[in-house]
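# just a sequence and a predicted model for now, questions to come.
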Number of protein chains: 2
Amino acid sequence: MTAETRITAEPGTPFITITREFDAPRELVFRAYSEPDLIARWLGPRGLKMTIDHFDVRAGGGYRYVHTDEDGNAYAFHGVFHGTPSVADGIVQTFEFEGTPGHACLERMTFEERDGRTVIHQRSVFESVADRDGMVETGMESGVNDSMERLDEVLADLAARG
Amino acid sequence: MTAETRITAEPGTPFITITREFDAPRELVFRAYSEPDLIARWLGPRGLKMTIDHFDVRAGGGYRYVHTDEDGNAYAFHGVFHGTPSVADGIVQTFEFEGTPGHACLERMTFEERDGRTVIHQRSVFESVADRDGMVETGMESGVNDSMERLDEVLADLAARG
């Protein structure tokens, strides 16, 4: 029984929201979002090689990573954190695909505790409705679904190790 | 004869747009937006002391500055640049008032040449309509108007010096 990942993109708005429930306490989920070794195990579609350049989840920090497919095509992403990332307040970051430089979005992830389980809420805002629509049309949905399933597996593994 | 600063905040959207025409070529306007010594002369409301911590207008760079009023109250702001700032492509940056940490917005400034004059277009997107409404309610309008008038004066001074 796998939890459902809900992706919403209301027509005419610049927003995308993603929600997904995990069978893990939110401290563990936050660890999976803030420790580079763990992030490398779930962030991105299956089948791509993940290379983290840096991932420094703190006030004033930033991140950069590269996904490489089996043909050697590389897709790099980077951004910075705003505010102080924490379990209670969540994570606010920018996100830029380096293939479209200067087109960034602003994302907020929050971790809602629900009876020992955790609901992740991610809300992204783009510079324009057109930019948002462009992101939806890249087929981001399968990448998001892969990431959330892989995160489920990482959390189960962490829980099993105690 | 002073040009008009137009500030638009369509109800129900997370956007604020600002447009203003200047009697200066866009290379000069871009200099005023990218050289810290010049930025210090126009950015912010009149009557506040402007202290630039750093202002590094380049790909991967960031900025931080502090406005201090005559009672010693300090208001600090910071952000980072996305993409490569340039005359042709404009400037994309984040903007956070440190009094509300983690509440950032994403801004794009472009410099449109029009017969030797320059129209600045600034478009900001906030995380939510509520955040955008909050910014409008701070009375940002007079600060924006001051900044644009002061920029006019800086540009006239630069032009006079050749």
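That came through fine.

# please make it C-alpha for all contacts and neighbour counts, starting now.
Fine.

# hmm, the strand ranked longest in chain A touching chain B?
The strand spanning the most residues in chain A, taking DSSP state E as the definition, is strand A:74-86. Yes. Counting by C-alpha under 8 Å from any C-alpha of the partner chain, chain B is contacted by strand A:74-86 at A:80, A:82-84.

# give me the contacts around the longest helix belonging to chain A.
The longest helix of chain A (DSSP state H) is helix A:140-161. Outside helix A:140-161, the residues within contact range by C-alpha atoms under 8 Å, 6 or more residues apart in numbering or on different chains are A:2, A:5, A:7, A:20, A:22-24, A:28-29, A:32, A:38, A:41-46.

# can you tell me which helix or strand the residue nearest the centre of chain A belongs to?
Ranked by distance to the mean C-alpha position of chain A (C-alpha atoms, centre = their mean), the top residue is A:L43 at 6.4 Å. Assigned by DSSP states H and E, A:L43 falls within no helix or strand.

# for the nearest residue to A:D23 once chain neighbours are set aside, give the beta-bridge partners.
Nearest residue to A:D23, sequence neighbours excluded (C-alpha to C-alpha, 6 or more residues apart in numbering or on different chains): A:R117, at 4.8 Å. With DSSP bridges as the criterion, the beta-bridge partners of A:R117 are A:R114.

# surely A:R117 touches A:V29?
No. Checked against C-alpha atoms under 8 Å, the pair A:R117 and A:V29 is beyond contact range at 9.6 Å.

# higher neighbour count, these two?
It is A:V29, of A:R117 and A:V29, that has more neighbours when counted by other C-alpha atoms under 10 Å in any protein chain shown, with 23 against 16.

# who's in contact with that one?
By C-alpha under 8 Å, 6+ apart, the residues touching A:V29 are A:111, A:118, A:155.

# what residues does chain A have near chain B?
Residues of chain A lying near chain B (C-alpha under 8 Å from any C-alpha): A:13, A:80, A:82-84, A:92, A:96, A:101-107, A:124-128.

# hmm, 7 Å instead?
A:82-84, A:92, A:101-102, A:104, A:125, A:127 (C-alpha under 7 Å from any C-alpha of the partner chain).

# all good on my end, thank you.
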